[in-house]
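Visitor: whatever this is, show me its structure:
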Amino acid sequence: MAKSEESDNPSPLVTSLQHNPSLDGLRGLAILWVVMHHSGSVGRDSTTAGSWLWSNLSMMGWVGVDLFFVLSGFLITSILIRSYGQHQWIRNFIIRRGLRVLPLYFVVVFTCFNLITLIPHSGLDWLRDLSKEQWWYWLHLANFRKIAGDLMPAAPAVGWFSTYWSLSIEEHFYLGWPLMMAFAAPRRMGLVALLGIFGVVVLRIGIALYDWPESMIYNNTFTRVDGLLVGGVIAWFHCFHLEYLRRCGVLALAVFVVGALAFFIPMGLGHVGGGRNSLYGKMVLYSASVSCSGALVWYLVTQPSRSWLCRLFAARWLRSFGKFSYAIYVFNKPIIAGVAAGISTYVEKISTSNHALCYMVICGLCWIAGAISWHAIEAPCLRLKKYFPTKLNEPNEATTLDRTS
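Guide: Residues are numbered from 1 along each chain as shown. Got it, this is the predicted structure:
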């Protein structure tokens, strides 16, 4: 356990992280984009008017996960910096994080693998097969199970659990980042995060040059943790150099524009969603996604709440999706599968405009599932945090990636 050093504590003028409603709205945008990505092919006729735009937006929905990662990295690092050196600060942080993400996660994992599989004639043979390997999910190794499955084609399909890879990466960060801070101390965490980002980019480019399955990059903790680290860098500046972060708002805009162009130029050349699976995509788009996400968070945490973008993301309906985003992330795949099965009963393909309506129905069902989960499981567990208090105000902790990842 690292000792508390005065030089490693942020200035009292910048330790307070006031609740920022726009961050909840940004989280809402992230989950809506992820659901669009997952539902992008449900009943869609790619030949109708407007399908090009819809196809590209849905294919780019994976960027929503990087938004989650950057938000989580920012909020978690801010909490850790402000609680550094307190009595049992690492233990309390890990328990509080566990109370936020583990109850719903374990309820779903247990129910799917050990109860739903008992239902006869459910058509879920893949789930029964995967249940024999459920230990990957209990140990938060879903992302490495996805990679192993791609390297061994005979392995059972992961089905609904294909989205759990990001939750595993989040858990790895929750466990590793506090230990890193205890070793390096808060004042050095900005440099640690920057070195980590550089290492991730180099590793990602190295893997891209070889003919490995895409999951070696897309689902790998060591090639996707840069989003969390970018959030950590922003949090470090926010705590120790807030005025400098504010003065560089134009730089944030430039970063966002360059990152967006990295997507839109190849889209104009016919690469749907920017061509993530191409060599260009593997070497450029992942970094562009993280950069755009970081620029958005950078702007929202340094601008006054009356600015137009902050007010846009602070919309109540968008914040409500952000509040329930964790459960929506967990439940959206089976909900989409159910809606797709219902549509296929009546029509093979529907128009793009009707697909948009279908997407809104899916989002509505996901919101209902998220609200039920919040009131029945998540909120009651969050009340247990009072037994593991921290001295500093943590206004955004309860909704840090009301998940992801």
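Visitor: what sits against the residue lying closest to Leu130 once chain neighbours are set aside?
Guide: Distances taken as Cβ to Cβ, 6 or more residues apart in numbering put Pro156 closest to Leu130, at 4.5 Å, once the chain neighbours are dropped. For every residue, glycine as well, the C-beta is placed using N, CA and C. By Cβ atoms under 8 Å, 6 or more residues apart in numbering, the residues touching Pro156 are 126, 129-130, 132-133, 149.
Visitor: could you rerun that using 10 Å?
Guide: Shown in contact with Pro156 (Cβ atoms under 10 Å, 6 or more residues apart in numbering): 125-133, 145, 149.
Visitor: show me which of those are buried.
Guide: Neighbour counting with 16 or more other Cβ atoms under 10 Å marks 127, 130-131, 145, 149 as buried within those.
Visitor: which of the residues you listed fall within helices?
Guide: Among the buried ones among the contacts of Pro156, the members falling in helices are 127, 130-131, 145, 149 (criterion: DSSP state H).
Visitor: hang on, Pro304 packs against Cys310?
Guide: Yes. Distance between Pro304 and Cys310: 7.1 Å, which falls inside the contact criterion (Cβ atoms under 10 Å).
Visitor: what stretches of the stretch 301-405 of the chain score poorly on pLDDT?
Guide: Scanning the stretch 301-405 of the chain for pLDDT under 70 picks out 344-354, 392-405.
Visitor: which residue ranges form the helices in it?
Guide: Counting by DSSP state H, counting those that start in this stretch, residue ranges of the helices within the stretch 301-405 of the chain are 308-313, 316-323, 325-346, 352-373, 379-382.
Visitor: and the second one, what does it pack onto?
Guide: So the one you mean is helix 316-323. If contacts are counted by 3 or more Cβ pairs under 10 Å, 6 or more residues apart in numbering; DSSP states H and E, helix 316-323 sits against helix 21-38, helix 308-313, helix 352-373.
Visitor: could these go into CSV alongside mean neighbour count and distance to Gly259?
Guide: Conversion of the helices and strands packed on helix 316-323 to CSV gives the following (neighbours: other Cβ atoms under 10 Å; distance: least, Cβ to Cβ, whole Å):
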stretch, mean neighbour count, distance to Gly259
helix 21-38, 24, 15
helix 308-313, 15, 16
helix 352-373, 17, 25
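Visitor: of all those helices, which one is nearest Gly196?
Guide: The closest approach between Gly196 and any of those, judged by Cβ to Cβ, belongs to helix 21-38 at 22.0 Å.
Visitor: tell me the angle of the helix or strand following that closest one relative to helix 21-38?
Guide: Following helix 21-38 in sequence order, the next helix or strand is helix 51-59 (DSSP states H and E). What separates the directions of helix 51-59 and helix 21-38 is an angle of 110 degrees, with axes from the mean of the first three to the mean of the last three Cα atoms, to 10 degrees.
Visitor: how far does helix 51-59 sit from its chain's centre?
Guide: Using Cα atoms, centre = their mean, to the nearest Å, the mean C-alpha position of helix 51-59 is found 21 Å from that of the whole chain.
Visitor: ditto for stretch 283-298
Guide: 13 Å.
Visitor: let me see the mean pLDDT of it.
Guide: Averaging pLDDT along stretch 283-298 yields 97.
Visitor: next: stretch 97-117.
Guide: Regarding stretch 97-117, the rounded mean pLDDT is 96.
Visitor: list the buried residues in that stretch.
Guide: Of the residues in stretch 97-117, 97-101, 103-105, 108-109, 112-113, 116-117 count as buried by neighbour count, 16+ other Cβ under 10 Å.
Visitor: off-centre distance for that stretch?
Guide: Averaged over its C-alpha atoms, stretch 97-117 has a centre that lies 18 Å from its chain's centre (Cα atoms, centre = their mean).
Visitor: CA atoms only: put it into CSV for me.
Guide: In CSV, the C-alpha atoms belonging to stretch 97-117 read as follows (Å, rounded to 0.1, in the frame of the first residue of the first chain):
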residue,chain,number,x,y,z
ARG,A,97,-17.0,-1.2,-8.2
GLY,A,98,-18.0,-4.8,-7.5
LEU,A,99,-21.3,-3.7,-6.1
ARG,A,100,-21.9,-1.7,-9.2
VAL,A,101,-21.2,-4.3,-11.9
LEU,A,102,-21.1,-7.8,-10.4
PRO,A,103,-24.6,-8.5,-9.1
LEU,A,104,-26.4,-8.1,-12.4
TYR,A,105,-23.5,-9.8,-14.3
PHE,A,106,-23.5,-12.9,-12.1
VAL,A,107,-27.3,-13.1,-12.0
VAL,A,108,-27.4,-13.2,-15.8
VAL,A,109,-24.4,-15.6,-16.2
PHE,A,110,-25.9,-18.0,-13.7
THR,A,111,-29.4,-17.8,-15.1
CYS,A,112,-28.3,-18.3,-18.7
PHE,A,113,-25.9,-21.1,-18.1
ASN,A,114,-27.7,-23.0,-15.4
LEU,A,115,-31.4,-22.3,-15.7
ILE,A,116,-32.3,-21.3,-19.2
THR,A,117,-30.3,-24.3,-20.5
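Visitor: where along the chain do the strands fall?
Guide: Listed in chain order, the strands of the chain (DSSP state E) amount to none at all.
Visitor: what is the longest helix of this structure by residue count?
Guide: Of all segments of type helix in the chain, defined using DSSP H, the longest is helix 89-114.
Visitor: packing partners of that one?
Guide: Counting by 3+ Cβ pairs under 10 Å, 6+ apart, helix 89-114 packs on helix 63-83, helix 125-131, helix 135-138, helix 165-184, helix 325-346, helix 352-373, helix 379-382.
Visitor: may I have the fourth one as CSV, with CA atoms only?
Guide: Below are the C-alpha coordinates for helix 165-184, written out as CSV (Å, rounded to 0.1, in the frame of the first residue of the first chain):
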residue,chain,number,x,y,z
TRP,A,165,-15.7,-9.0,-23.9
SER,A,166,-15.8,-5.3,-23.0
LEU,A,167,-17.1,-6.0,-19.5
SER,A,168,-14.0,-8.3,-19.0
ILE,A,169,-11.7,-5.5,-20.1
GLU,A,170,-13.4,-3.1,-17.7
GLU,A,171,-12.8,-5.6,-14.9
HIS,A,172,-9.2,-6.0,-15.8
PHE,A,173,-8.8,-2.2,-15.6
TYR,A,174,-10.6,-2.0,-12.3
LEU,A,175,-8.2,-4.5,-10.8
GLY,A,176,-5.0,-3.4,-12.4
TRP,A,177,-5.2,0.4,-12.4
PRO,A,178,-5.5,1.0,-8.6
LEU,A,179,-2.5,-1.3,-8.1
MET,A,180,-0.6,0.7,-10.7
MET,A,181,-1.5,3.9,-8.9
ALA,A,182,-0.4,2.5,-5.6
PHE,A,183,3.0,1.7,-7.1
ALA,A,184,3.5,4.9,-9.2
